[in-house]
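Asks: Here is my input; please provide its structure:
(one chain, ligands or ions: 1)
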Amino acid sequence: MADTVASDTNASAKIPVTVLTGYLGAGKTTLLNRILTEPHGQRFAVIVNEFGEIGIDNDLIVDADEEVFEMNNGCVCCTVRGDLIRIIDGLLKRKGKFDAILVETTGLADPAPVAQTFFVDQDVAEKTRLDAVVTVADAKWLKDRLKDAPEAKNQIAFADVIVLNKTDLVSPAELREVEMRIRAINPYAKLHKTTRSNVAISDVLGRNAFDLDRILDLEPAFLEADDHDHDHDHGHDHGHDHHHHDHGHGLKHYHDETMQSVSFTIDGDVVPEKFMPWINQIAQSEGPNLLRWKGILAFKDEPKRFVLQGVHMIVDGDLQRDWKPGEKRQSRLVFIGHDLKTAELEQGFRACAA
Ligand SMILES: Nc1nc2c(ncn2[C@@H]2O[C@H](COP(=O)(O)OP(=O)(O)OP(=O)(O)O)[C@@H](O)[C@H]2O)c(=O)[nH]1
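Replies: This next block holds a predicted model:
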């Protein structure tokens, strides 16, 4: 994986995949129908979980027969959905008939294994790229679901784009409150407030969400949205203490009781021979706690930007476009997860600086 991917520079030829997630009834189907009926000139292959005709059903996505991948070191904590792989393999054989893939996950699904599929399976990873995880959230009910449904929190934490839907059902004050709750879990996603999932198609498709520039540019504003009360529901949570954050030293830090985001910036290059072993080791040791991680790295003597992403113990990366003339060569990493060893992560990353 990570040590072989650097040669893979052909990212743009891959078929983009958008994973559409969100809790039951949030408005996923409404969004999907909008995407499929608006004129955009694109042809989509759609994978949804109720669709008998393609051959997965809710049970499979929710909890049944997942296939377990045994990693080289014997770890079995990374699982992927065999059925999803088979469906995508089948679709890819019909290549040319569609431009993009949309996967609508059931409202109960943890998006991690779905996203992992696009990194883990070699055939799938060679031919597709995860464009973005789009999470539809119900403005009226999300707050409650964050308390009682871990999937709902994972779906928010995982999102590159959040469609905060059903805004017609809440007051402006309630809307602000739910937005802050979302930001406490995921300060990085692009957020759109909608009724009937009426977001512009260009805001959900073709995002190249792993071009982190856009997301990180927005980060300071996101980090200001933290002067909110927490409902401290310690029910099933890990008993973390209150959120706090630290604006010093290029370290940003934001979390609710369980979920946390940290980002680090090195003002310059990193040495790939140091960075790659380090990040692989972090993937192994911290992977179970790492829900999602991303980075843009300036590798020493490398004219192209190295874009990294990970899901739990899986690391994936590509050399993408050139650093532009005048663009500041920086190396940035973002981790979203729980119980993050922030100081250790920062120290390890800084040790890779050129
Ligand atoms: N009031 C209101 N209702 C909405 C809005 N968007 C969707 N709905 C309704 O909410 C219900 C659920 O919408 P769906 O799009 O089916 O939601 P879903 O996320 O696909 O639901 P599942 O398939 O059950 O997970 C439908 O009755 C929609 O008409 C909205 O913005 N406001």
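Asks: drop to CA atoms for contacts and neighbour counts, all remaining ones
Replies: Will do.
Asks: quick one: the nearest residue to residue 203 once chain neighbours are set aside from residue 192, how far?
Replies: With C-alpha to C-alpha, 6 or more residues apart in numbering as the criterion, residue 203 has its nearest non-adjacent residue at 8.0 Å, and that residue is residue 161. Residue 161 sits 8 Å away from residue 192, going by C-alpha to C-alpha, to the nearest Å.
Asks: The two - which one has more neighbours?
Replies: Neighbour count, other C-alpha atoms under 10 Å: between residue 161 and residue 192, residue 161 has more, with 24 against 17.
Asks: What residues does that one make contact with?
Replies: Counting by C-alpha atoms under 8 Å, 6 or more residues apart in numbering, residue 161 touches 132-135, 189-192, 203-204.
Asks: And for residue 309?
Replies: Contact analysis of residue 309 by C-alpha under 8 Å, 6+ apart lists 210, 292-295, 315-317.
Asks: and the residue lying closest to it once chain neighbours are set aside, what are its bridge partners?
Replies: Spatially, and ignoring its direct neighbours in sequence, residue 309 is nearest to residue 294 (4.1 Å; C-alpha to C-alpha, 6+ apart). Judged by DSSP bridges, the bridge partners of residue 294 are residue 309, residue 334.
Asks: Could you check how far residue 294 is from residue 332?
Replies: With the distance defined as C-alpha to C-alpha, residue 294 ends up 8 Å from residue 332.
Asks: do the same with residue 303
Replies: The separation that residue 303 has from residue 332, given C-alpha to C-alpha, amounts to 16 Å.
Asks: Let me see the ranges of the strands in the stretch 151-300 of the chain.
Replies: Secondary structure of the stretch 151-300 of the chain (DSSP state E, counting those that start in this stretch): strands at 161-165, 190-193, 252-255, 260-266, 290-298.
Asks: quick check: angle from the fourth one to strand 290-298?
Replies: Interaxial angle of strand 260-266 relative to strand 290-298 (axes from the mean of the first three to the mean of the last three C-alpha atoms, to 10 degrees): 10 degrees.
Asks: Alpha carbons only: can I get strand 260-266 in CSV?
Replies: The C-alpha trace of strand 260-266 is given here as CSV (Å, rounded to 0.1, in the frame of the first residue of the first chain):
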residue,chain,number,x,y,z
GLN,A,260,-11.5,14.7,18.1
SER,A,261,-9.7,16.4,15.3
VAL,A,262,-6.1,17.5,15.3
SER,A,263,-4.0,19.0,12.5
PHE,A,264,-0.4,19.8,12.2
THR,A,265,1.5,21.9,9.8
ILE,A,266,5.2,21.8,9.0
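Asks: what about it, distance to the chain center?
Replies: Offset of strand 260-266 from its chain centre (C-alpha atoms, centre = their mean, to the nearest Å): 15 Å.
Asks: mind listing what that strand pairs with, with the direction of each?
Replies: According to DSSP bridges, strand 260-266 forms sheet pairs with strand 252-255 (antiparallel), strand 331-337 (antiparallel).
Asks: Student question: in the protein, what's the helix or strand with minimum average pLDDT?
Replies: Least confident element among the helices and strands of the chain, by mean pLDDT, DSSP states H and E: helix 58-62 (a mean of 32).
Asks: so where's this protein uncertain?
Replies: Scanning the chain for pLDDT under 70 picks out 1-12, 49-83, 95-96, 106-109, 120, 209-259.
Asks: Need the strands of the stretch 151-300 of the chain in CSV (columns: distance to residue 143).
Replies: Shown next, in CSV, are the strands of the stretch 151-300 of the chain (distance: least, C-alpha to C-alpha, whole Å):
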stretch, distance to residue 143
strand 161-165, 12
strand 190-193, 15
strand 252-255, 16
strand 260-266, 17
strand 290-298, 20
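Asks: which of the ones you listed sits most buried?
Replies: Greatest average neighbour count among the strands of the stretch 151-300 of the chain goes to strand 161-165 (a mean of 27), per mean count of other C-alpha atoms under 10 Å.
Asks: Which strands border that strand, and is each parallel or antiparallel?
Replies: Note on strand 161-165: by DSSP bridges, its sheet partners are strand 128-138 (parallel), strand 190-193 (parallel).
Asks: Mind checking what helix or strand follows the first one in sequence?
Replies: Looking back up the chat, that one is strand 128-138. The helix or strand immediately downstream of strand 128-138 is helix 142-148, counting by DSSP states H and E.
Asks: helices or strands up against that following helix?
Replies: helix 150-158, helix 172-185 (3 or more C-alpha pairs under 8 Å, 6 or more residues apart in numbering; DSSP states H and E).
Asks: ok, back up a step: give me the more crowded residue out of residue 303 and residue 332.
Replies: residue 332 (24 against 15).
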